[in-house]
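**Q** predicted coordinates and the sequence they were generated for:
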Amino acid sequence: FFTLNPVVSEFYFVERSAAVFRNVAMGLISLASGFFGVTGLGIFLLGMRVAYGVVTGELDPTPLKKPKSEGLEMPNVWALMTT
């Protein structure tokens, strides 16, 4: 876009400001694409590691189900705070 539409002006300040804006925009886009590229690669490698763990049996993808007879036991928090 910036190559096809250069800023042409009689004022030096306008041309330099356009150049600074162009450099800032390209820099931020490059920084963001690098950041998201590394993040995407990390998520992909994490998925490969989890898949490897599931295949080798290290990770079990089935959830453990508790029987309904086991109720939720709440600790006595007041006793913890007063002792």
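**A** All right, it came through fine.

**Q** so which strand or helix has residue 13?
**A** Residue 13 belongs to helix 12-56 when elements are defined using DSSP states H and E.

**Q** what does residue 9 give?
**A** Following DSSP H and E, one finds residue 9 outside all helices and strands.

**Q** who touches it in this structure?
**A** Residue 9 makes contact with 15, 18, according to CB atoms under 8 Å, 6 or more residues apart in numbering. In short, each C-beta sits where N, CA and C put it, glycine included.

**Q** just residue 53 next, same as before
**A** By CB under 8 Å, 6+ apart, the contact set of residue 53 is residue 59.

**Q** what's the pLDDT at it?
**A** In the predicted model, residue 53 carries a pLDDT score of 92.

**Q** which residue lies farthest from the center of this protein?
**A** residue 10 (44.3 Å; CA atoms, centre = their mean).

**Q** show me the contacts for that residue.
**A** No contacts exist for residue 10 under CB under 8 Å, 6+ apart.

**Q** look up how far residue 72 lies from it.
**A** 76 Å (CB to CB, to the nearest Å).

**Q** re earlier: quick one: the residue farthest from the centre of the chain from residue 3, how far?
**A** Going from residue 10 to residue 3 by CB to CB gives 22 Å.

**Q** likewise residue 47?
**A** Taken as CB to CB, the span from residue 47 to residue 3 is 38 Å.

**Q** more neighbours, these two?
**A** A count of neighbours by other CB atoms under 10 Å puts residue 47 above the other of residue 47 and residue 3, at 10 against 6.

**Q** so where's the chain uncertain?
**A** By pLDDT under 70, the low-scoring segments of the chain are 2, 68-70, 83.

**Q** so which residue is smack in the middle of it?
**A** Geometric centre of the chain, nearest residue: residue 39, 6.0 Å, by CA atoms, centre = their mean.
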